[in-house]
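Novice: what's the 3D shape of this:
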Amino acid sequence: MLELVKAGGWPMIPLLLLAVLALAIVVERFWSLRRKEIMPPGLGEEVRNWAVRGQLEPAHIESLRRTSPLGELLAAALDVRNRPREQIRERIEDTGRHVVHRMEKFLNTLGSIASAGPLLGLLGTVVGMIQMFLGIQDSGLGDVNQLAGGIGKALVCAATGMIVAIPALWAHRYFRGRIGGYIVEMEKEAGALVDALESRHLRPAPRPAASPSTVGANG
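Specialist: This next block holds a predicted model:
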């Protein structure tokens with residue numbers, strides 16, 4: 001492995017740095033985008049039960065906001081629960097944009113690595129070819145070792161660029177799709193909460209029971 005790095009020359013240094021950075025981002029995003037971290041099981045149903053029973057103290061809402069991205073989204077809806085439905089949905093959409101932005105953290109960097117890897121590989125290829133032709137210009141075609149070294153540097157850099165870019169591109173697409181799936185499910189949970197809040201407001205108040213004296217008077 002070390003021999004290949006040496007054969008690639010100085011263009012291998014940024015390629016290796018990009019590979020390390022891409023690996024760190026992939027590990028961090030896999031850990032941060034776990035389902036139980038984004039959408040804890042049963043949280044949506046629990047919050048809807050709070051709404052139905054009217055257990056909406058500020059302390060509950062603040063605790064909910066700190067649990068997860070889904071909790072933050074549902075807490076935003078509960079903050080404006082007494083407003084019209086359209087205003088509640090606007091608050092959910094506004095909070096959702098911030099939540100999605102945080103979930104997409106480092107993904108732009110990962111996409112840039114996927115794009116820059118082949119370009120750096122191509123740069124290494126060009127550098128290797130230039131060195132090869134300069135060698136030919138100085139000593140002619142008789143120096144086979146110098147010719148092979150230039151071709152080897154070009155091929156090693158090109159291969160390394162693709163080795164860095166392909167996994168980075170796959171991870172970028174995978175995390176984008178995963179976040180998209182979370183967004184759909186979170187919208188569904190938020191819509192169910194809005195429906196629960198609306199049904200609670202529309203529910204008729206219980207009629208007071210008649211007192212014994214009133215019953216006797218009517219009799």
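Novice: May I see the buried residues of the strand or helix carrying P118?
Specialist: Taking DSSP states H and E as the definition, one finds P118 inside helix 107-139. Within helix 107-139, the residues scored as buried using 16 or more other C-beta atoms under 10 Å are 107, 110-111, 113-114, 116-118, 120-121, 123-125, 127-128, 131-132, 135. All C-beta atoms are positioned from the backbone trio N, CA, C, and that covers glycine.
Novice: go on, stretch 63-73?
Specialist: Buried, per 16+ other C-beta under 10 Å, within stretch 63-73: 64-65, 68-73.
Novice: Out of the residues you listed, which sit inside helices?
Specialist: Among those, DSSP state H puts 64-65, 69-73 in helices.
Novice: Which residue ranges of the chain form helices?
Specialist: Counting by DSSP H, the helices of the chain are 2-8, 12-32, 35-38, 43-53, 58-65, 69-79, 85-103, 107-139, 144-202, 212-218.
Novice: Go through those and pick out the most buried.
Specialist: Most buried of these, by mean neighbour count (mean count of other C-beta atoms under 10 Å): helix 69-79, with a mean of 22.
Novice: list the helices and strands it packs on?
Specialist: helix 43-53, helix 58-65, helix 85-103, helix 144-202 (3 or more C-beta pairs under 8 Å, 6 or more residues apart in numbering; DSSP states H and E).
Novice: Pull the second one out as PDB, backbone CA atoms only.
Specialist: To tie it back to what came earlier, the one meant is helix 58-65. Coordinates of the C-alpha atoms in helix 58-65 are reproduced here as PDB (Å, rounded to 0.1, in the frame of the first residue of the first chain):
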ATOM      1  CA  PRO A  58     -44.800  24.000  29.400                       C
ATOM      2  CA  ALA A  59     -42.300  21.600  31.100                       C
ATOM      3  CA  HIS A  60     -43.700  18.700  29.100                       C
ATOM      4  CA  ILE A  61     -43.300  20.600  25.900                       C
ATOM      5  CA  GLU A  62     -39.800  21.700  26.600                       C
ATOM      6  CA  SER A  63     -38.800  18.200  27.500                       C
ATOM      7  CA  LEU A  64     -40.300  16.900  24.300                       C
ATOM      8  CA  ARG A  65     -38.400  19.600  22.300                       C
END
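Novice: what packs against it?
Specialist: Secondary-structure packing of helix 58-65 (3+ C-beta pairs under 8 Å, 6+ apart): helix 69-79.
Novice: which residues sit against the helix it packs on?
Specialist: The contact list for helix 69-79, computed with C-beta atoms under 8 Å, 6 or more residues apart in numbering, reads 38-40, 43-44, 47, 51, 56, 61-62, 64-66, 88, 91-92, 94-96, 99, 102-103, 182, 186, 189-190, 193-194, 197.
Novice: One more: stretch 10-28?
Specialist: With contact meaning C-beta under 8 Å, 6+ apart, stretch 10-28 is reached by 5, 8, 106, 109-110, 113, 116-117, 120-121, 123-124, 127, 156-157, 160-161, 163-164, 167-168, 171.
Novice: roughly how far apart are V80 and E46?
Specialist: 20 Å (C-beta to C-beta, to the nearest Å).
Novice: I meant L78, not that one.
Specialist: When L78 is compared with E46 (using C-beta to C-beta), they lie 12 Å apart.
Novice: cool, Q87 as well?
Specialist: Here the criterion is C-beta to C-beta. By it, Q87 lies 24 Å from E46.
Novice: Same question for L70.
Specialist: Per C-beta to C-beta, L70 is found 11 Å from E46.
Novice: Understood, closing this out.
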